[in-house]
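[1] just a sequence and a predicted model for now, questions to come.
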Amino acid sequence: MSHKIDNSRPKWHNGSMQAIRVHAFGEPTVLQLENVPDLQPGPGQVRVRLHAVGINPVETYIRSGKYARLPLLPYTPGNDGAGTVEAVGDGVLGWSQGRRVYVAGSLTGTYAEACLCEPGQIHPLPDRTTFAQGAALGIPYATAHAALFHRGQARSGETLLIQGGTGGVGIAALQFARQAGLTVFTTAGSGPGNILLRQQGATEVFDHHNPGMGDQVLAASGGRGVDLIVEMLANANLGRDLALLAPGGRVVVVGSRGPVEINARDLMMRNADIRGVMLGHLTPDQLAATHAAIAAGLESGTLDPVIARRYPLAAAAEAHTVILQAGAGGKIILEP
């Protein structure tokens, strides 16, 4: 259920702002709303007033302390958001106050009323795209584009299977793939998810709870298999994914929550590949190409983020619980 924001309170409090702070790693309850000093941009920095903040699964792993790279405590979580430029530091060119932007990375964390960014971490947000949709772009759409094109080498005319299509990355991958001329199969776990994905242009939607799903995928591909799989939960699916690949097929792993066992013969028989993707390993040129593709898709309307739930900033703990549940149905955001 969505939560409405109380817009009656002031957004700024005598030189302070509100932000989520984490003082110890642990359960979602460690996400605490606090008043913190206003952020002032230093040289080469931009302050963005945030109107919407994107929630991503990786932020739950970091908060729990179960991620490979952890920030120093205390910290404010978050990488994604959207809002307007409020102030620029010395040496910053090309950004003016009031400019609508989406944030893809931050120096100070985005679970807050404002954040500091380097100029390369903010990107223009078209007027046709809402702030809530802008907050859905940074990690989900960049990850989807990198998985499909930088790592998966997707080509027009190929068949793609998105394992876990109703989350932020899954919907982004579906929109990018349809734009690029791929036939798109997806999986979902509920009736509403099936409807959503068909509305988004999926050719086939399979129930991932169905033990016969693999046979259905092969039948839908005419027995050939699929050229590319974007996998959101490798620990649950990767072993079965390999048997669904066409000759020369690729699996790109976006997410995994545990160890995986596979039969390597499934790879050998198909000359197939398993590839990982992580935004932090993209080259500057790849990252620039990704955000250029996002900009083009937003302007043309072929990219249209779906918002599932909205929470006030104070409900960050609840949002962290909900995002790990099945059947996302789109992006979960916070609204400061």
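    Thanks, I have it. Since the model is a prediction, treat every value here as computed from it, not as a measurement.
[2] what's the domain layout of this structure?
    16-137+305-335, 140-280 (automatic domain parsing).
[3] start and end of the first one, how far apart?
    Start to finish, the residues bounding domain 16-137+305-335 are 18 Å apart (C-alpha to C-alpha, to the nearest Å).
[4] repeat for the last one
    End-to-end distance of domain 140-280 (C-alpha to C-alpha): 13 Å.
[5] so where's the longest helix in the chain?
    helix 284-300 (DSSP state H).
[6] helices and strands around the helix or strand following it, which ones?
    Once the chain leaves helix 284-300, the next helix or strand it forms, by DSSP states H and E, is strand 307-312. Judged by 3 or more C-beta pairs under 8 Å, 6 or more residues apart in numbering; DSSP states H and E, strand 307-312 is in contact with helix 131-134, helix 316-322, strand 331-335. Glycine gets a C-beta too; all of them are placed from N, C-alpha and C.
[7] now the angle between strand 331-335 and strand 307-312, please.
    Taking axes from the mean of the first three to the mean of the last three C-alpha atoms, to 10 degrees, one finds strand 307-312 and strand 331-335 inclined to each other by 20 degrees.
[8] ok, strand 307-312: who's next to it in the sheet?
    Using DSSP bridges, strand 307-312 pairs in its sheet with strand 331-335 (parallel).
[9] off-centre distance for whichever strand or helix holds residue 140?
    Secondary structure from DSSP H and E places residue 140 in helix 138-145. Computed by C-alpha atoms, centre = their mean, to the nearest Å, the separation of helix 138-145 from the middle of its chain amounts to 5 Å.
[10] returning to that earlier point: can you put the helices and strands packed on strand 307-312 in a markdown table and add mean pLDDT, mean neighbour count and distance to residue 124?
    A markdown table is the format used below for these (pLDDT from 0 to 100; neighbours: other C-beta atoms under 10 Å; distance: least, C-beta to C-beta, whole Å):
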| stretch | mean pLDDT | mean neighbour count | distance to residue 124 |
| --- | --- | --- | --- |
| helix 131-134 | 98 | 23 | 10 |
| helix 316-322 | 96 | 20 | 27 |
| strand 331-335 | 95 | 26 | 19 |
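[11] in a helix, residue 206, correct?
    No - under DSSP: H, G, I helix; E, B strand; the rest coil, residue 206 sits outside any helix and is assigned strand.
[12] surely it and residue 216 touch.
    Yes - shown here, residue 206 and residue 216 form a contact pair, counting by C-beta atoms under 8 Å, at 5.5 Å.
[13] more neighbours: those two, which one.
    residue 206 (22 against 14; other C-beta atoms under 10 Å).
[14] could you give the bridge partners of that one?
    Following DSSP bridges, residue 206 is listed with bridge partners residue 187.
[15] picking that back up, now do the helix holding residue 140 against helix 284-300, angle only.
    Between helix 138-145 and helix 284-300, the angle comes out at 100 degrees (the same axes, to 10 degrees).
[16] just the C-alpha atoms of the helix or strand following helix 138-145, please, in CSV.
    The helix or strand immediately downstream of helix 138-145 is strand 159-163, counting by DSSP H and E. Output of strand 159-163 as CSV, limited to C-alpha atoms (Å, rounded to 0.1, in the frame of the first residue of the first chain):
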residue,chain,number,x,y,z
THR,A,159,15.0,-13.9,-28.2
LEU,A,160,15.5,-12.8,-24.6
LEU,A,161,14.2,-14.4,-21.4
ILE,A,162,14.0,-12.1,-18.3
GLN,A,163,14.0,-14.2,-15.2
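[17] using CSV, write out every CA atom in whichever helix or strand comes after strand 159-163.
    As assigned by DSSP H and E, the chain's next helix or strand after strand 159-163 is helix 168-179. What follows is helix 168-179, C-alpha atoms only, in CSV (Å, rounded to 0.1, in the frame of the first residue of the first chain):
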residue,chain,number,x,y,z
GLY,A,168,12.8,-2.3,-11.6
VAL,A,169,15.6,-4.0,-13.6
GLY,A,170,13.2,-6.5,-15.2
ILE,A,171,10.8,-3.8,-16.5
ALA,A,172,13.7,-1.7,-17.7
ALA,A,173,15.2,-4.6,-19.6
LEU,A,174,11.9,-5.4,-21.2
GLN,A,175,11.5,-1.8,-22.4
PHE,A,176,15.1,-1.6,-23.7
ALA,A,177,14.8,-5.0,-25.4
ARG,A,178,11.5,-4.1,-27.2
GLN,A,179,13.0,-0.8,-28.3
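[18] just checking, what packs against helix 168-179?
    With contacts taken as 3+ C-beta pairs under 8 Å, 6+ apart, helix 168-179 sits against helix 138-145, strand 159-163, strand 183-188, helix 191-199, strand 226-231, helix 284-300, strand 331-335.
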